[in-house]
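1. take this sequence and fold it.
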Amino acid sequence: MFFAKLHPLLVHFPIGLLISGALLEFFGRVQKEEAVRIAGWFNIRLGFWCVFPVMAVGLFGLGGLEIKEKVKPFLSSHIQFAFATALVFALALIVYRFRNSLWADILYIILLAVGLVCALGAGYYGGEMAHRFGVAGSGTPY
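-> Numbering: from 1, shown residues only. Okay, the predicted model is just below:
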């Protein structure tokens with residue numbers, strides 16, 4: 001149960017970094033502000049590497065939880081979005097290495113947009129489990 005309570009406390013840091021990083025990248029490109037793009041790139045890299053310990057804590061936390069049937073679709077979606085977030089941002093970091101070519105630049109922006117949606121999806125389903133269903137001792141249990 002310790003890991004299940006720790007996961008919601010830790011997860012906001014990497015998710016905030018990934019979301020703010022993607023938004024800073026978009027804003028820096030639109031406004032042609034190189035310093036903003038660099039800040040976005042830094043946030044994305046730091047957020048990506050912070051995702052893995054938080055995901056490990058979340059997976060360890062699953063062992064101590066008794067999941068009710070109506071929560072299982074939310075848990076499944078949360079896990080799928082979390083892994084998709086890590087995968088998409090990993091691909092974005094790989095593609096960023098080829099940023100001098102047009103195809104890589106376009107693909108990088110697409111991957112950031114998809115990663116942003118995945119991160120928001122993981123956050124939505126995680127929030128629903130914590131606050132609507134009271135998973136891990138928070139919210140109103142059903």
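2. could you find the closest non-adjacent residue to residue 115?
-> residue 88 (4.1 Å; CB to CB, 6 or more residues apart in numbering). Backbone N, C-alpha and C define where each C-beta goes, glycine included.
3. before we move on, what about residue 135?
-> Using CB to CB, 6+ apart, the nearest residue to residue 135 is residue 129, at 4.3 Å.
4. same thing with residue 99?
-> residue 105 (5.7 Å).
5. what residues sit buried inside the host helix or strand of the one you found?
-> Using DSSP states H and E, the secondary-structure element containing residue 105 is helix 102-127. Across helix 102-127, burial judged by 16 or more other CB atoms under 10 Å covers 107-109, 111-112, 114-116, 118-119, 121-123, 125-126.
6. just checking, what packs against that helix?
-> Here helix 102-127 touches helix 12-31, helix 72-96, going by 3 or more CB pairs under 8 Å, 6 or more residues apart in numbering; DSSP states H and E.
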